[in-house]
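*Asks:* sequence unknown, structure follows:
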């Protein structure tokens, strides 16, 4: 099982130090969330809380994931980077493919693209993109990304995007694609790609989702043993909890270790100390 650190809601200036410490301590990756803006008022309820309220306060940092990954890649040599999750359908596909591919090139193949279809209609409108049919557009964009990331000349003719003969450089190394979301459509989309990204869920629910994803992989004639399942687990506290999850096919854990020891107001030094204690308490190096 691999462990990725989430710097969600942290000040941007802390994230480089968190990444360097994560690499030194033996963590496997950093997970970067994505929003372009945080609108003061929304008619769209946030779908991942019971009351529809957002999990973050106004003026929380949301650094651009590809600029950030480009910087983190220069400060590390082994750590991998995944977006949790990037919303392609909120952008034009060519600018998005260029940014993702450039970051992957600079990171030397350490980028994993985590995507979702998005939930915030107002943010889509601000970005000049339609909110309806965003799932179908996301599917097509992922196919277009793959075409644009290949060496040589590319043409693409889809339902939403028509691409004349062109080339896009630099050609990045292979970029695995993981899909976030809890709906059946999201799970089916994930099963067609390289992995799935979960939200805050219990271990039992994550295990049930893992079973469904493996079933969908088999239905698609695809292997399940090389499929990534990356998720936080709200009730996993000791090594035995993570071992049970791993046995069920959960391959990657997303965590903020300082939350177990100091809480959300931890200083940078306390965050790094929490990362050290977490590995020791779970005997991750043993």
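*Replies:* Arrived safely, thanks for sending. Because the structure is predicted, anything quoted here is derived from the model rather than measured. Numbers count the residues shown, from 1 in each chain.
*Asks:* just the strands in this protein please.
*Replies:* Using DSSP state E, the strands of the chain run over 2-5, 29-32, 80-83, 111-115, 154-157, 162-166, 177-180, 195-197, 228-231, 252-255.
*Asks:* tell me what the third one is packed against?
*Replies:* Right, the one you point to is strand 80-83. If you count contacts as 3 or more Cβ pairs under 8 Å, 6 or more residues apart in numbering; DSSP states H and E, strand 80-83 packs onto strand 29-32, helix 65-75, strand 111-115. Where you see a C-beta, it was placed from the backbone N, CA and C, and this is true even at glycine.
*Asks:* need the pLDDT of the residue of the chain most remote from its centre.
*Replies:* Ranked by distance from the centre of the chain (Cα atoms, centre = their mean), the top residue is residue 165, with 30.8 Å. pLDDT for residue 165: 98.
*Asks:* what does residue 285 give?
*Replies:* Note on residue 285: pLDDT of 83.
*Asks:* swap in residue 225?
*Replies:* If you check residue 225, the pLDDT there is 89.
*Asks:* which phi and psi does it have?
*Replies:* With angles defined as degrees, to the nearest 10, residue 225 sits at phi -80, psi -10.
*Asks:* so how far is residue 123 from it?
*Replies:* 37 Å (Cβ to Cβ, to the nearest Å).
*Asks:* quick one, which of those two is more surrounded?
*Replies:* Between residue 225 and residue 123, residue 123 has the larger neighbour count (other Cβ atoms under 10 Å), namely 20 against 8.
*Asks:* correct me if wrong: that one contacts residue 39.
*Replies:* Yes - using Cβ atoms under 8 Å, residue 123 is in contact with residue 39, at 6.7 Å.
*Asks:* what segments of the protein are helices?
*Replies:* 12-25, 65-75, 93-106, 121-126, 134-148, 184-191, 203-219, 239-247, 268-281 (DSSP state H).
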